[in-house]
Structure formats: C-alpha cells, structure tokens
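Asks: just coords:
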C-alpha cells in the first residue's frame, strides 16, 4: 500500500453561540475554520485528519501541500509514528511549533486513520485496546463577558445533562454568577486563555477555591511559563495547560518543572496521535484532559484516545451550534457523555455534503 495523494480541504462553517463573538481571536469569531487532511492510497483506502485552523486555515493548508504532501506521497502509510518523526525532522527549518506542527498533526491523524482501517480495527484498538465505550463530556462555553448570558448558558448546559462546565470568563463576577446558576454539585472549570498576570492569578485563586473551581486553565502569558505555573500550584485549585504546546518537548519540560496538575494536549496542534501517544506514556498516572474544541477528525481522534488511555478523564465539547456537522453520524454528547465510535479507523468519515457546501476554494 502506497500513498497517492495528500490534500488539505478547508471548510468555513458558520455557527451561533449567543455571544458578542469577541475576546478570543484577532477578529470576530463567526465561523469554524476546519482544515481536513485527506490521504488516499493505491488500494483505495482513504484516511482523514484535521489540522488546527482557527484564524490560520489558509496557511495551515499551504503547509500541508508544500511540506507534508511531498514527503508522504509514494510512502507506505502503515507506520504513522515513523512518518511523523521524519516530518518533524524534515520541517525543522520552518519551526517546530505553530503552523508547521498543525499541518503535521492533520497528516498524522489521517495516517493513523489509514493504518487502523487497513487493520480493520478502531484507532483505540490499534493503539492497544478499547477500555471504554463512552467518555464523560463537559460543556465548553465561549466567553460572554455578561453575567446574564453566563447564567443562561450555564443553566442550559445543566439542563442538557452536563455535570461539568468550563467557562472562558476573565472577570470574577461572571464566574460567581455561573456557580450560583449551576449549584454546588456541578464541576466548574475556568479557562482565561492567558489573560491574567501571575500576581493577579495568585491573588484570586483563594476566591476560586472558595467557589470550588475544579481547575484553572492557562492563567498566565506565555502559556509555556512552566516555572510561573508551578508557583501557582498547591493553592487550592488545580492548574491546567498544554493546548498551545507543540511536540512532546514542552510536556517534558512541564513535567520536570512540576508545573501542571492536568495536562491538555490538543491532537490537532501538538503533532497528532503519534505525539499524544508519547505524552500519555510520559505522563502515565497523571490526569489528561485533551483540548478538543473542534468537530472533524480531530474530535474523533480525541474520542479514540479517550477510549484507549485510562488517564484521559473527560472530553471537551465546544458549546456552539454550527450550521452543519462535518461528520457523518456525528457522535454528540447525550446526558453528559459521548459514545465513542467503534468502526474501523476513527469510526466515521467527514460528510461529503458538508464538504460540498462549505468548502473554501
């Protein structure tokens, strides 16, 4: 079996989230920018991957075409980890972070999908075994900056069956409103996307602890300030980070610094399944809560990792309403949990109708 084509496919899917659509991205966030990676072989198999594309989809697609495709076409796809290692070495000049690693992530996910399909098993089974059939999910709310909206959408998440909710609020009054809305029995986490200084974070952690906040995510800038994060640990709220780390190296550094209670690698950013597999081995016994606010093959790969790795405790589901779901048979949360597909590879493929409707040409 040989790879015959490696093609990025960019989708722009409008979505609604009830917010003012500002605060997390350089411009108003109105569309899900999905970079699919389609890898076909000479025996007719197709593998699907997803590279992180929010605010950078054209550049990521270009890197798939210019860097990943020439190195992969003509190769045997059945050893994804070896191909991933070669891609990392051969693209070292453009850099081992950001756009380059996003592109490698998408290709790697597609290679693992191919390898599992070729073996006739799910990705979880190929990785070493399917340990669970569903995974608890939490509702990852967008940033509203408005107490009424925070209260409304937190209650809606509870009504939908979620027992864990993540906020992206950066001011304390909205966090208080959320806790009052959901009551004491729902886990509440806070992700401020690096908006606070170290001193401010240290000053408010006691207040967050009093609100029984389960974890505080990426409290300071830069997100890889492992020494600063280490100084915030042990104050009553778990510290989480990792979504913006690329390759296994930053996680090695974070573990050496004892910086994190919860590790959050993102399969579409970190280097794909191959790299997260290494992180799971490196951090065995520690809590993993992978970053996964996307809805394509990266969503599926995260579910398959949760099926295989016992240290993955929860699944992040971004609480937005897109005009269409990118996957056939989209496995959505029900009653606060997501059923993990058990078909070959990732379990299901992108929806051709969605691709036709939302493809950027």
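Replies: Arrived safely, thanks for sending. Since the structure is predicted, the reported quantities are computational estimates derived from the model, not experimental observations.
Asks: For beta bridges, what are the partners of residue 35?
Replies: residue 10, residue 51 (DSSP bridges).
Asks: which stretch of helix or strand covers residue 330?
Replies: Taking DSSP states H and E as the definition, one finds residue 330 inside no helix or strand.
Asks: now swap in residue 278 and tell me
Replies: helix 273-282.
Asks: neighbouring contacts of stretch 95-102?
Replies: 35, 51-53, 56, 59-60, 63, 67, 88, 91, 94, 246-247, 249, 268-271 (Cβ atoms under 8 Å, 6 or more residues apart in numbering). In short, each C-beta sits where N, CA and C put it, glycine included.
Asks: tell me which residues in it are buried?
Replies: 96-102 (16 or more other Cβ atoms under 10 Å).
Asks: And these, which is closest to residue 30?
Replies: residue 102 (20.7 Å; Cβ to Cβ).
Asks: Low-confidence regions, the chain specifically.
Replies: Within the chain, the segments meeting pLDDT under 70 span 22-23.
Asks: I'd guessed residue 75 sits against residue 3; true?
Replies: Yes: because the distance of 5.3 Å satisfies Cβ atoms under 8 Å, residue 75 is recorded as touching residue 3.
Asks: So these two - more neighbours on which side?
Replies: Ranked by neighbour count (other Cβ atoms under 10 Å), residue 75 and residue 3 place residue 3 first, with 24 against 17.
Asks: Could you give the bridge partners of the more buried one?
Replies: Where residue 3 sits in a bridge, its partners, by DSSP bridges, are residue 41.
Asks: circling back: what element comes up after the helix holding residue 278 heading to the C-terminus?
Replies: strand 287-288.
Asks: which outside residues touch that following strand?
Replies: 261-265, 279-280, 309, 311-313.
Asks: Which helix or strand lies directly C-terminal to it?
Replies: helix 297-308.
Asks: Packing partners of that following helix?
Replies: strand 46-51, helix 99-119, helix 123-127, strand 134-140, helix 273-282, strand 315-318 (3 or more Cβ pairs under 8 Å, 6 or more residues apart in numbering; DSSP states H and E).
Asks: need the ones you listed in TSV with distance to residue 184, can you?
Replies: Formatted as TSV, those follow (distance: least, Cβ to Cβ, whole Å):
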stretch	distance to residue 184
strand 46-51	37
helix 99-119	38
helix 123-127	35
strand 134-140	17
helix 273-282	32
strand 315-318	22
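Asks: Go through those and name the closest to residue 212.
Replies: Between residue 212 and the helices and strands packed on helix 297-308, the shortest gap by Cβ to Cβ is with strand 134-140, which sits at 15.0 Å.
Asks: bridging residues for residue 350?
Replies: Under the criterion used (DSSP bridges), residue 350 bridges to residue 327.
Asks: how much space between it and residue 172?
Replies: Between residue 350 and residue 172 the computed distance is 41 Å (Cβ to Cβ, to the nearest Å).
Asks: who's more crowded, these two?
Replies: residue 350 (24 against 13).
Asks: doesn't residue 106 make contact with residue 64?
Replies: Yes: the pair residue 64 / residue 106 is scored as a contact, 6.2 Å apart, by Cβ under 8 Å.
Asks: where do the contact lists of the two overlap?
Replies: In contact with both residue 64 and residue 106: 8, 35, 37, 51, using Cβ under 8 Å, 6+ apart.
Asks: Any chance of CSV for those, columns neighbour count?
Replies: Output for the shared contacts of residue 64 and residue 106, formatted as CSV (neighbours: other Cβ atoms under 10 Å):
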residue, neighbour count
8, 24
35, 31
37, 32
51, 35
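Asks: In JSON lines: those residues, plus distance to residue 138.
Replies: Shown next, in JSON lines, are those (distance: Cβ to Cβ, whole Å):
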{"residue": "8", "distance to residue 138": "30"}
{"residue": "35", "distance to residue 138": "25"}
{"residue": "37", "distance to residue 138": "27"}
{"residue": "51", "distance to residue 138": "24"}
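Asks: domain ranges for this structure?
Replies: Domain assignment for the chain by automatic domain parsing gives 3-120, 125-350.
Asks: quick one: buried residues of the helix or strand harbouring residue 153?
Replies: When elements are assigned from DSSP H and E, residue 153 belongs to helix 147-159. Neighbour-count burial for helix 147-159 flags 147, 149-151, 153-154, 156-158 (criterion: 16+ other Cβ under 10 Å).
Asks: same deal with stretch 32-52?
Replies: 32-41, 45-52.
Asks: can you check stretch 353-361 too?
Replies: Here stretch 353-361 shows 354-355, 358 as buried, counting by 16+ other Cβ under 10 Å.
Asks: centre of the chain versus stretch 192-204, how much separation?
Replies: Centroid separation for stretch 192-204 versus its chain: 23 Å, with Cα atoms, centre = their mean, to the nearest Å.
Asks: Use 117 as the first number from now on
Replies: All set: I'll call the first residue 117, so the last point we hit is now stretch 308-320.
Asks: Can you pull up the most central residue in the chain?
Replies: In the chain, the centroid-proximal residue (Cα atoms, centre = their mean) is residue 408; its distance is 2.4 Å.
Asks: Cool, thanks, signing off.
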